[in-house]
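Peer 1: here is my input; please provide its structure:
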Amino acid sequence: MYGGHIVDNVDRLFCSTYLDYVMKDELLDEMEMFPFIEGKNISFKSPTGLTTLDKYLEYVEGELPPETPLAFAMHPNAEIDFRTNQCKNLFMQLTELAPKGAGGGEGGGGNDKVTDFISRVNDEA
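Peer 2: As a prediction, this is how the structure comes out:
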């Protein structure tokens, strides 16, 4: 197989053999889906005994663990950096949406409030 594509009969034979003999349902029976987080307070076992779509949907809605960078083998600070950048982008967009110019009406004061708020958030971060 080259690049994940089946390009000839040899690739087709390899893929079908691999799927027939290696990829079996028993592989996932109560398997830890986050195997690289030993010692952490999070676990995600593969579901067993789910036979209908409704049961799968119920499992997805109620029993999936919360999203965490640990699930992707990332350090917890990765989420902090992501959220910080997300906030900076949000505040940059708010600044761009704020009224521009030094007009004397109510529009001019709104820009100062947004700028002050952004500077306070940046100082705390």
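Peer 1: now stretch 5-20: mean pLDDT?
Peer 2: The average pLDDT for stretch 5-20 rounds to 86.
Peer 1: how far off centre is that stretch?
Peer 2: Computed by CA atoms, centre = their mean, to the nearest Å, the chain-centroid distance of stretch 5-20 equals 32 Å.
Peer 1: stretch 26-35 too?
Peer 2: 20 Å.
Peer 1: how about the helices in this protein?
Peer 2: Taking DSSP state H to define them, one finds helices in the chain at 9-21, 53-62, 77-97, 106-124.
Peer 1: and for residue 56, the neighbour number?
Peer 2: Using other CB atoms under 10 Å, residue 56 has 12 other residues around it. (Glycine included, C-beta is placed from N, CA and C.)
Peer 1: ok, it to residue 62 distance?
Peer 2: In this structure, residue 56 and residue 62 are 11 Å apart, going by CB to CB, to the nearest Å.
Peer 1: residue 10 too?
Peer 2: On the measure of CB to CB, residue 10 and residue 62 end up 45 Å apart.
Peer 1: more neighbours: which of the two?
Peer 2: Each of residue 10 and residue 62 has its neighbours counted (other CB under 10 Å); residue 10 has more, 10 against 7.
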